[in-house]
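Novice: Give the three-dimensional model of this entry:
(3 chains)
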Amino acid sequence: MSTNLLIVAFERPAIDWHAVAPEIVLLSVGVLITLLDILFLEKARPYMAALSGLGILATAIPLLTLGIDGTERVLFDGAYVVDNFSLVLKAIFLLAGYVVILLSTNYIVDGDYWESEYYGLLLASLMGMIMMASSRDLISVFVALELLSIPAYLMVAWRKRDPKSNEAGLKYYLMGVFASAVMLYGMSLLFGVSGTTVLSEIADSIDAGNGSSSVMTLGIVFVVAGFAFKVSAVPFHTWAPDVYEGAPTPVTAFLSVASKAAGFVALLALIFVGFYELSNIWEPLIWILAALSMTVGNLVALRQTNIVRLMAYSGVAQTGFMIAPLAVAGHSLSTGNQALSAIVTYLAIYAAMNLGAFAVIITLARRTGSAEIDSFSGAFHFAPGLTVAMTIFLFSLAGIPPLGGWFAKFEVFRVLATSGETWGYLLAVVAAINSVIALFYYATIARKMWADDPSEKDLNNIEVTPSLVSALAICVLVTLLFGIFPQLVARFTEVSLLAFGV
Amino acid sequence: METVVFLISAAVILSGALGVIFSKNPVHSALFMVQTLFGVAVLFVLLEATFLAAIQVIVYAGAIVILFVFVITLLGVDRAEDLKVEPISGQRPLAVVLGASIFGIILTVLIVAVGGPTGEQVANTPIGDASDNTKILGEALFSTHVFSVELTALLLTVAVVGAVVLSTRPTKPLISTLDKQQNDNLEDELEEKGEE
Amino acid sequence: MSITTTWYLLLAAILFSIGTTGLLVRRNPLIMFMCIELMLNAVNITFVSIGSHLNDLGGQLAVFFVLVVAAAEVVIGLALVVAIMRRRSRTNADDLKILGG
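Specialist: Predicted structure coming up:
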C-alpha cells in the first residue's frame, strides 16, 4: 500500500499567478536588495532607499491591474482571497510603506543604521501586511501576523548603541510574543469547536449550531485580545508609549500606522468572515475596548510632555474611534457593511495624517535634537511651512472640517447613530466627549508652535530634505483631498466582506 | 496502556513546566524545559502525529534549547536569580492570582462544554495512520498551504539577518579593516571598564 | 478509564496557565522566553489532540507553523538579549527603567 502511495505523483496546486503578483514582485525586490547587499556591500548602500521605494511602486502595478480587473479571486481552498477589501487595504499598506521609506532615508543614513538590512526588513514586514489583507484562514493569518511583527521587533531595536532602543525592542518583543501565544490558544479552541481553520467554514460551522459552545466564546475572547494588543487598544496598550519613544522615529511612524492597520485588517476579517453571527459575544468586548481606549488614551495624552509619547497615547485614542463602529456592526447586514466602510475610510485617512505628523516631528527633531513639546515652541519663526503642515495634521487628527480626519470621524458617528441600538448612542456620546478632550491637546501643540517664543536663538529657516518634502506633500495632499472631496475616498472604501461569509 | 503512557507523560510535562518557572538557575530551567518538550513529543506519538513528534525533538529540544544554553553560557547569566526579592511589591501574588484565574476560566469552560470542544467530524483532510502521516502532511503543506510555507522561509531569513545585525558588535563605518580591529579592541576595553 | 480528548485539553490548559504565571512572575528574560515556549507547547497539544479527535489534518498543519515561527521568535529574542547584555552585566526586566514604563 505504501509503495502504491509513493507512485501517485504529487499534483502541483493550481495557482492564480495574477492574484499573487503583488506579493511576488515585493518579494523579488526584497531578495534583490539582500543580494545586492551581499555582492556590493557598502557600495550598494546609497541606492537601497530608492530601490525599495521603486519596488513598492512596482508592486502597485499588479495591484492596479487586479483592481481594474475587479473579479474576486479565491485561492488555496478559501485560505487566500483577493477582493476589493484586500486590494484597498494593500494599497493603504503600500502607500504607508512608501512614505515610511521617504521618512527613513536621511534618518538611517545619518545614524549609520545598517541601511540594506533595514530596508530588507521593512519590505518583509510590508509583505506580511499585504498577506494579512488577503488571509482568510487562521493559519495564514497567524503566519502573516508573525511575518509583519518579527521584522518590527528588530527595527524597534535598530539603534543598537542606544540602550533605550534596545529596551524598547525587548519590551515590544516580550509583549508581542505573549499576545500571539494567547491568540494562538484562542485559535486552537476555535479550531476545536469548528473543526476547520478556514474562516468561511468556521462561519458555516457556527450556522450549523456550533456557535453556542462556551469554548467558542473563550476562543473569540482570546483571539480578540491578541489583536487588541496589535492595534494598541486599552487595556493592551501599555507597550505603545515606551516602544514608540525608544524606537527610531520612522519605525514609530510605521508601527503607529501600518502595523496598527494590519491588526485591524485581521480583526475585521475574523469578525466579518469568521464569526459575524456571534455578535452577542464580540460586540460587548469591542464596546468596552473602544470606550476604554478613547477615554484612557485621551486623558493620559493630556499630561504628556514628550511629543512621541503624546502621539502614542493619541494613537491609542484614535484606535478607540476606529474600533467603535465594530461595536454595533452585528446589528444588521447593512450596519455591518457601513461599519466596515467607516473603519477602512478611517484607516486610510489616519494613515495619511499620522504619517504626516510624524514627518514633521522627524524634521523638527533633526533641528532641535529633542522630542519634548517645549522644544517645538515658536517653530513658526524658523519653520513656517512645517508649522502650517503640522497644524493641518493636528486639526485633522482632532476632526475639524474640512480636513480628512473630519470625514473619518463623521462616518464613525454616522454608523453609531444610525444603528438604532442604545449601546451605539451611548458610545457616540463617549466619542463626542473624547473629541473635545482631544482637540484640547492637539490645539495646545499648535498654539505653542505658532504663538510662543522660540527657545532657540538660531532663527535661520530649517532645512528640509527632498525626501521629507515629498513625504509631507503626499500626506498633506491626501489629508486635504479626502476632507474636501470625501466622495473620493468613499468610492474606494465601499467594500464588503459580508456577502462572502454570510 | 494508552492511559498509563498519557499519565506518565502528563506528569513529566507538568513537573518539567513547574521546574522551569521555579528554578533559580537559568541552566536548570533550560534542562527542565527539555523534559517538558520530550513529554510533549511522547504525546504526539500517542496521537499518531509521528512527523511532529520527530521535529518536536529535533527542532525544539535540539535547536531551540541548545540556543538557550548557548546564550546562557555565552553571556554568563547563569547567576541565580533571588526569588525572594520581590521586584515590585504585590506584583508576584497578583501574577499568581492572574495565572490561577486564567486556569480557572479555561477549566470551567472546558467542563461546562464537555463534548463541546469536539465539533462535528468533518475531516477535510484525514490524518492517515503512522505510516503515511509524513507524506500526507507534506502534500497538504505544499498544496493548500504552499503560500504560508514560502513565507515562513522568508520569516526565517529575516530572523537570521536580524539576529546577525543585532548581535554583531557596533562598528564604525568607512574605516579600514585594520582600524576596525583596533577600534573593536578599544571598545572591548571601554566596555570592560564600564562594567567594573 | 480511557483517555479522551478532554484529558489532553485539560493538560494543555494547565500547561498554558503555568506558562502564563511564569511569564508574569519571573523577571529574567531568558526564563520568560522559556515560559512562552511552554505556552506554545500547550497550544500544540491542543491542536494535535483536537485534530486527532476530528481526524482532520488542520491541527497538525497549524502545529508545524507554530514550530517554525517559535524557532524564528527565539532567535530574535535571544539576539535582543545579547544586544542588551553587551552593554550591561545583568539583564532583568525590571532593570529596564530608562523608559519608565
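Novice: How about residues contacting stretch A:221-230?
Specialist: The contact list for stretch A:221-230 (CB atoms under 8 Å, 6 or more residues apart in numbering or on different chains) reads A:145, A:149, A:175-176, A:179-180, A:182-187, A:189-190, A:236, A:239, A:259-260, A:262-263, A:266-267, A:270, A:281-282, A:285-286, A:289. C-betas here are computed from N, CA, C, even on glycine.
Novice: For ChimeraX, what selects the buried ones among those residues?
Specialist: To isolate the buried ones among these in ChimeraX, judged by 16 or more other CB atoms under 10 Å in any protein chain shown, type:
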select /A:145,149,175,176,179,180,182,183,184,185,186,187,189,190,236,239,259,260,262,263,266,267,270,281,282,285,286,289
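Novice: Out of the contacts of stretch A:221-230, name the ones that lie in strands.
Specialist: Judged by DSSP state E, strands contain none of the contacts of stretch A:221-230.
Novice: Which of the helices or strands spans residue A:473?
Specialist: Secondary structure from DSSP states H and E places residue A:473 in helix A:466-484.
Novice: May I see the buried residues of that helix?
Specialist: A:467-468, A:470-472, A:474-476, A:478-480, A:482-483.
Novice: Which strands or helices does it pack on?
Specialist: helix A:84-111, helix A:333-368, helix A:384-398, helix A:404-418, helix A:486-493 (3 or more CB pairs under 8 Å, 6 or more residues apart in numbering or on different chains; DSSP states H and E).
Novice: Quick one: residues in contact with it.
Specialist: Contacts for helix A:466-484 (CB under 8 Å, 6+ apart): A:49, A:95, A:98-99, A:102-103, A:105-106, A:348-349, A:352-353, A:355-356, A:359-360, A:362-363, A:386, A:389, A:392-393, A:396, A:401-407, A:464, A:488-489.
Novice: Same check on stretch A:364-372?
Specialist: A:106, A:110, A:245, A:249, A:305-308, A:361, A:375-376, A:379, A:382-383, A:386, A:456, A:462.
Novice: Those, buried ones only, as a ChimeraX selection?
Specialist: Buried residues within these, by 16+ other CB under 10 Å, are selected in ChimeraX with:
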select /A:106,245,249,306,307,308,361,375,376,379,382,383,386,462
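Novice: of the contacts of stretch A:364-372, list those near chain C.
Specialist: The residues of these that also fall near chain C, by CB under 8 Å from any CB of the partner chain, are residue A:245.
Novice: on that earlier part again, intersect the contacts of stretch A:221-230 with the contacts of chain C.
Specialist: A:182, A:184, A:185, A:187, A:189, A:239.
Novice: can I get the helices and strands packed on helix A:466-484 in TSV with mean pLDDT?
Specialist: Formatted as TSV, these follow (pLDDT from 0 to 100):
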stretch	mean pLDDT
helix A:84-111	85
helix A:333-368	86
helix A:384-398	87
helix A:404-418	86
helix A:486-493	74
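Novice: elements contacting the helix or strand harbouring residue A:142?
Specialist: Using DSSP H and E, residue A:142 maps to helix A:138-156. When contacts are defined as 3+ CB pairs under 8 Å, 6+ apart, helix A:138-156 packs onto helix A:115-134, helix A:163-194, helix A:249-254, helix A:260-268, helix B:146-167, helix C:58-85.
Novice: Any stretches of the stretch 151-300 of chain A with poor pLDDT?
Specialist: Of all residues in the stretch 151-300 of chain A, those with pLDDT under 70 make up the ranges A:210-212.
Novice: Show me which residues of it are close to chain B?
Specialist: A:151, A:154, A:157, A:160-161, A:189, A:192-196, A:205, A:208, A:210, A:213-215, A:217-218.
Novice: ok, how many other residues are close to residue 50?
Specialist: The chain I'm using is chain A. 13 (other CB atoms under 10 Å in any protein chain shown).
Novice: meant chain B, my bad for not saying
Specialist: Counted with other CB under 10 Å, residue B:50 comes out at 16.
Novice: And residue A:290, by the same measure?
Specialist: 26.
Novice: which residue sits closest to it, ignoring its sequence neighbours?
Specialist: residue A:324 (4.3 Å; CB to CB, 6 or more residues apart in numbering or on different chains).
Novice: That neighbour should be in a helix, yeah?
Specialist: Yes - counting by DSSP: H, G, I helix; E, B strand; the rest coil, residue A:324 is located in a helix.
Novice: if I read this right, it contacts residue A:427, doesn't it?
Specialist: Yes - contact criterion CB atoms under 8 Å: residue A:324 and residue A:427 qualify, at 5.6 Å.
Novice: Give me the common contacts of the two.
Specialist: Common neighbours of residue A:324 and residue A:427 (CB under 8 Å, 6+ apart) are A:290, A:416.
Novice: thinking residue A:287 is in contact with residue A:325, fair?
Specialist: No - with contact defined as CB under 8 Å, residue A:287 does not reach residue A:325; the gap is 11.0 Å.
Novice: who's more crowded, these two?
Specialist: residue A:325 (29 against 20).
Novice: Can you tell me the closest non-neighbouring residue to the more buried one?
Specialist: residue A:339 is the one closest to residue A:325 (CB to CB, 6+ apart), at 3.7 Å.
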